[in-house]
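1. Build the 3D model from these lines:
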Amino acid sequence: MKRLKSTAHRGFKIVYLGCLLFVVASGVCGAAAEARLEVLSIESRFLKNNPLHDPTLRKIPVFLPAQATPGARLPVVYYLPGYGNNIQKSFIQNSNAWLKLTQKIADEIEPVIIAMVDGGTRWGGSQYLNSAAQGNYEDYVCNEIVSAVEALHAAPTHGVRRILAGHSSGGFGALRLGSSHQTLFDAVIALSPDSDFPVSHLPLVLVPAVTNVPLTEILKIAAGQSPMPTNGSLKYLFGLSAAYAPRPLPQGGEFSWLFDSAGNFRPEIWQLWLDNDPLTIVQKNPEAFDARQSIYLEGASLDEFRANVGAQKIYDVLRTRPGRCAFYEPPGRHSDNIRERFMRGMQWVFRRPLVDVPVPTRSR
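-> Alright, predicted model coming up:
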């Protein structure tokens, strides 16, 4: 990988790693209608000294369509991957599918730039929130990544400038950051977003593999004194606890667990989770989104986490308020056809004719 240039911008360093791939249809460099991949490396000041000691140098894959010529101002999509996604493997080493999708969107809907956000942590994901138990990931996304990408590829000054999109935990992040940064993001595309926690999260919390682990062992794992849990649900709940129930400083990196030393469920900690639920937020806050924003919600009909239930409930609230919103329930399971579902959201945002997603296939 050849480093082309490095520049400092607003207190952080951007390393432009250049065009890695030029493959869409013909596979010939320089041919017409080809997307390309640039990879930015950002040394984050907001993640500096994060309590989990996670890397502060993050790679940001940026997918550019052929229409991204010098001086062009194209809308930018900031895409938040789901929990546990590895940016290097999913979007850099295996970038061809997203290159094809980027050019397809450009040719059939609207030329846009797609920037992939690395929000990974020791536990697997940050939920893209600021937290004393993990670091300031909301600031990192909204104040660093946006500036870094648009220092090289300026967004339009009017119309649809920026879209915040994501799947699963990324859909949660898109709703949360889109709500708290209403003037920054003009549209939100939330695919199977984490929401309606009593339906989507509580069943994961109450399984024996979680409730039977002694609190003393939980604390050792959280402190790094015991090995990382092999149980995926337990590790996932560690990440959610770090995002939703951080303990205040100076105990940075610690979070409150949902069960006490006797194994009793703690309603007061669960309430901290509910306070972070996008459904709770839109129900309680009539100004959760600005009327000028476009909000696209969806969830697959056979979603094993029932994310479709929460997405529809959020839509049912938002459709009673000023603004543009939609809900769609495609066939399939939680992670089926993610790229096709994302493209449908893009069609809706740009008011193009909508098409249904194809017969479900696994697409990560």
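
2. For the stretch 151-300 of the chain, which segments are assigned as helices?
-> 169-180, 197-200, 202-205, 208-211, 215-222, 232-244, 267-275, 278-284 (DSSP state H, counting those that start in this stretch).

3. Tell me which of those sits nearest to Glu138.
-> Nearest to Glu138, of all the helices of the stretch 151-300 of the chain, is helix 169-180, at 6.1 Å by Cβ to Cβ. C-beta: built from backbone N, CA, C; applies to glycine.

4. helices or strands next to that closest one in the packing?
-> Other elements packing on helix 169-180 under the criterion 3 or more Cβ pairs under 8 Å, 6 or more residues apart in numbering; DSSP states H and E are strand 76-80, helix 137-139, strand 162-167, strand 187-191, helix 278-284, helix 307-318.

5. And the shortest one, what's buried?
-> Using 16 or more other Cβ atoms under 10 Å as the burial criterion, the residues of helix 137-139 that qualify are Tyr137, Glu138.

6. hmm, who's touching it?
-> Phe46, Leu47, Gly119, Ser126, Gln127, Tyr128, Leu129, Asn130, Ser131, Arg176, Leu177, Ser180 (Cβ atoms under 8 Å, 6 or more residues apart in numbering).

7. If we use 7 Å, what do you get?
-> Contacts to helix 137-139, defined as Cβ atoms under 7 Å, 6 or more residues apart in numbering, come from residues Phe46, Gly119, Ser126, Tyr128, Leu129, Asn130, Leu177.

8. ok, back up a step: deepest of the helices of the stretch 151-300 of the chain, which one?
-> helix 169-180 (a mean of 27; mean count of other Cβ atoms under 10 Å).

9. Would you map out the domains in this structure?
-> Here the domain parsing of the chain from automatic domain parsing is 5-195+286-349, 200-275.

10. of all those domains, which lies closest to Asp356?
-> domain 5-195+286-349 (6.9 Å).

11. quick one on the thing from earlier: tell me which of the helices and strands packed on helix 169-180 is the most buried.
-> For the helices and strands packed on helix 169-180, the highest mean count by mean count of other Cβ under 10 Å goes to strand 187-191, at a mean of 29.

12. hmm, back to that, okay if I get the helices and strands packed on helix 169-180 as JSON lines plus distance to His201 and mean pLDDT?
-> Formatted as JSON lines, the helices and strands packed on helix 169-180 follow (distance: least, Cβ to Cβ, whole Å; pLDDT from 0 to 100):
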{"stretch": "strand 76-80", "distance to His201": "18", "mean pLDDT": "98"}
{"stretch": "helix 137-139", "distance to His201": "19", "mean pLDDT": "98"}
{"stretch": "strand 162-167", "distance to His201": "17", "mean pLDDT": "98"}
{"stretch": "strand 187-191", "distance to His201": "16", "mean pLDDT": "98"}
{"stretch": "helix 278-284", "distance to His201": "11", "mean pLDDT": "98"}
{"stretch": "helix 307-318", "distance to His201": "10", "mean pLDDT": "98"}
